[in-house]
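*Asks:* No sequence on hand, only this structure:
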């Protein structure tokens, strides 16, 4: 395979990996935090994924087209919002 534009390849491990077409240079991996670090607002994304997965159709990835999956996500979230609005009205 020909990768003319490829200068360096970064991995997720601490080992340095470089593949290049031009002159080789040392590539430093990003710093790894020393302990557990909370990513800001990640819980919002995780909670939303949990709500979407609660819908039976969205629990597995059965759809062939990404557009179908996107439409089902919209339907799932609309259903969730309508249910919450209906509970607040009573």
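*Replies:* That came in fine, so what should we check first? Predicted model, so just to flag it, every value in this text is computed and none were measured.
*Asks:* Give me the three-state assignment for the most centrally placed residue in the chain.
*Replies:* What sits nearest the mean C-alpha location of the chain, by C-alpha atoms, centre = their mean, is residue 45, with 9.2 Å. Using DSSP: H, G, I helix; E, B strand; the rest coil, the structure places residue 45 in helix.
*Asks:* count of neighbours near residue 29?
*Replies:* With neighbours defined by other C-beta atoms under 10 Å, the count for residue 29 comes to 13. (Glycine included, C-beta is placed from N, CA and C.)
*Asks:* ditto for residue 70
*Replies:* Applying other C-beta under 10 Å, we find 11 residues neighbouring residue 70.
*Asks:* Helix or strand for it, just tell me which one.
*Replies:* Residue 70 is part of helix 66-89 when elements are defined by DSSP states H and E.
*Asks:* how near is residue 68 to residue 82?
*Replies:* In this view, residue 68 and residue 82 are 21 Å apart by C-beta to C-beta, to the nearest Å.
*Asks:* ditto for residue 39
*Replies:* To residue 82, residue 39 is 31 Å away according to C-beta to C-beta.
*Asks:* ok, now residue 36?
*Replies:* 37 Å.
*Asks:* Which residue of residue 39 and residue 82 possesses the greater neighbour count?
*Replies:* Ranked by neighbour count (other C-beta under 10 Å), residue 39 and residue 82 place residue 82 first, with 10 against 7.
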